[in-house]
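Asker: Quick check, what structure comes out for this input:
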Amino acid sequence: MKLNQGVIAAIILGAMVFGLTFAMQFVGGLGGDKDQTVPVIPKVTNNPSDQEGTDQELTFRARVMPEDGQSMLENEFKAGGQQDYWFTHEGTKPLRVGLEQKNCTCTNVRIFQIDKSLATPYLSADGGKIDLAKLEMAAKDPKLKAQMEANAKVSQLEKDETPVLAPGTTGWVRLQWKTEKMGQQRLTATLWMGKKGSANDARLEALTMVRPGLLVDQPEKSVDVLSPLVSEKKIFFNCISSTREKFELLAKITRPRPDETLTIGKPEPMTDKELQEERTRMEGVPVLSGYRVPVTVSYSVPGGKDLMELGPFTRQLEFLIGNPATKESEIDTKVEVRVTGRVEGEFRVLDSEQKGRLSFGVFQRTLGIKKDIKVETELTGVELQLDPAKTSQYLKVRAAPGWPQDLGGRRTWRFFVDILPDIVSGPFPRDDEFYRDSAIYLKSPGANPRSIRIPVDGRADN
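Answerer: Modelled structure (predicted):
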């Protein structure tokens with residue numbers, strides 16, 4: 001039994017030795033000559049990030065403008081804006097850059113690589129690096145900046161261009177934007193460096209404030225009362241710009257009348273003291289330049305005998321910045337203001353609020369509304385009648401039977417005023433040809449003719 005066990009063990013041992021020897025020879029046969037080595041073939045890639053230094057990044061002079069993070073870049077409405085962010089590539093390998101993202105579709109992003117000869121004069125003493133602060137300051141010279149820009153290599157990052165910057169490259173990234181929305185905006189653009197999506201990126205920010213090109217101190221000014229005793233009033237509008245150091249101002253009456261009694265004088269440039277007063281009043285809004293515009297309203301037509309219509313009045317003026325080169329106005333700068341007042345004279349409108357107007361209030365459009373109004377005078381032997389050519393078309397006006405009446409040295413007229421159903425809709429007056437001059441016009445014929453304007457207002461709801 002022991003003999004058999006020994007024989008079996010010997011057989012197993014021999015089999016193991018044979019198998020091991022066979023395996024070694026078989027594997028060696030697959031590999032060829034045992035002294036031959038298999039070369040390791042490197043992985044070939046066309047990915048530029050594997051060749052153009054993902055461990056590098058550009059050095060920017062500043063990434064947020066303005067640098068305090070609180071003040072704003074002042075831009076004019078519809079004029080556009082831009083900001084340059086100066087950089088240098090201090091690395092030792094080429095670096096590819098591109099646009100990762102931006103927060104505004106109105107932003108254009110370009111990179112300018114300037115000629116090295118233009119940057120060399122601004123090498124610092126320590127290590128020969130570009131002093132970006134000095135370079136940026138020098139580039140405030142329009143001639144030098146124009147030279148740099150004319151000779152620069154420009155890449156449109158906005159159009160997915162991804163330039164490779166050589167070591168020592170200097171230039172700027174320009175963010176450019178439209179200004180079609182008033183108020184504060186934070187515009188950003190993030191650049192990737194080496195590889196899109198890598199940790200090496202640069203977020204550039206511009207804090208902007210978009211303001212109108214032209215501002216006026218008040219949207220409405222009143223001359224109060226004009227009468228034979230106070231036949232003329234003069235007021236001034238202050239027109240300023242927070243975006244332009246100088247400009248040409250144009251002023252006009254929006255819809256002048258044939259017998260206009262309002263005149264606009266020549267704009268007068270504001271003094272330094274007046275500009276400072278405006279800065280104080282505007283509470284932090286920049287005031288770079290401005291004009292004072294004299295406006296005179298007279299009881300009678302200047303140089304004529306016609307008198308201004310009795311009753312409340314409103315005149316609309318327009319102020320615009322003019323373009324000296326084209327002799328045209330810049331419509332985007334237009335500001336509209338109003339001049340109001342009341343003309344008193346021989347006739348007086350008897351209304352409950354003593355404002356010389358007729359108010360219909362709110363009424364149902366489908367029902368219409370009826371009102372009446374009285375006018376009195378201390379003159380004797382005068383007549384008063386409707387002037388249908390001037391009166392608003394949607395008003396049906398007729399003299400009340402049995403009027404005028406004479407009592408206590410006064411003559412009084414009464415008129416019925418109706419708005420028929422489904423004739424008007426919405427508020428009136430408003431900026432619409434049909435509703436703009438909502439008023440009743442009366443006239444006193446004779447040797448000394450007189451016109452009376454009685455404004456009307458109200459709202460017709462459905």
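
Asker: ok, longest strand in this protein?
Answerer: strand 328-343 (DSSP state E).

Asker: Now for Glu309: which residues touch it?
Answerer: Val343, Tyr441, Ser451, Ile452, Arg453 (C-beta atoms under 8 Å, 6 or more residues apart in numbering). (C-beta placed from N, C-alpha, C; glycine too.)

Asker: number of nearby residues for the third one?
Answerer: Residue crowding around Ser451 was assessed by other C-beta atoms under 10 Å; the count is 18.

Asker: so it bridges to which residues?
Answerer: Beta-bridge partners for Ser451, by DSSP bridges, are Lys443.

Asker: I figured it hits Tyr441, correct?
Answerer: Yes: counting by C-beta atoms under 8 Å, Ser451 does reach Tyr441; the two are 6.5 Å apart.

Asker: shared neighbours, those two?
Answerer: Joint contacts of Ser451 and Tyr441 (C-beta under 8 Å, 6+ apart) are Glu309, Asp387, Lys390.

Asker: Checking the last one next. Helix, strand or coil?
Answerer: I take that to be Lys390. coil (DSSP: H, G, I helix; E, B strand; the rest coil).

Asker: quick one, what contacts it?
Answerer: Lys390 sits in contact with Ala439, Tyr441, Ser451, Arg453, where contact means C-beta under 8 Å, 6+ apart.

Asker: again with the second one
Answerer: For Asp387, the residues meeting the contact criterion (C-beta under 8 Å, 6+ apart) are Tyr441, Leu442, Lys443, Ser451.

Asker: Now do the buried residues in stretch 439-449.
Answerer: Residues Ala439, Ile440, Tyr441, Leu442, Lys443, Ser444 are the ones in stretch 439-449 that count as buried (16 or more other C-beta atoms under 10 Å).

Asker: which one of those residues is nearest Val339?
Answerer: Closest to Val339 out of the buried residues of stretch 439-449 is Ala439 (16.7 Å), distances taken as C-beta to C-beta.

Asker: Would you confirm that that closest one contacts Tyr394?
Answerer: No: counting by C-beta under 8 Å, Ala439 sits too far from Tyr394 to count as a contact (11.3 Å).

Asker: Neighbours of the residue nearest to Leu310 when sequence neighbours are not counted, how many?
Answerer: Leaving aside its sequence neighbours, Leu310 sits nearest to Ile452 (C-beta to C-beta, 6 or more residues apart in numbering; 4.5 Å). As a burial measure, Ile452 scores 24 neighbours (other C-beta under 10 Å).

Asker: Model confidence for Ile452, exactly?
Answerer: Per-residue pLDDT puts Ile452 at 93.

Asker: what's the spacing between it and Phe428?
Answerer: Distance, Ile452 to Phe428, using C-beta to C-beta, to the nearest Å: 20 Å.

Asker: Kindly report the same for Met148.
Answerer: 60 Å.

Asker: Other residues contacting the following helix or strand past the longest strand of the chain?
Answerer: Following strand 328-343 in sequence order, the next helix or strand is strand 347-350 (DSSP states H and E). Contacting residues not belonging to strand 347-350 are listed as 310-311, 356-357, 373-377, 384, 412, 442, 444, 450, 452, 454 [C-beta under 8 Å, 6+ apart].

Asker: Okay, now the unreliable bits of the protein?
Answerer: 1-54, 127, 303-305, 352, 354 (pLDDT under 70).

Asker: can you list the domains in it?
Answerer: Domain ranges of the chain: 49-211, 215-343, 347-461, per automatic domain parsing.
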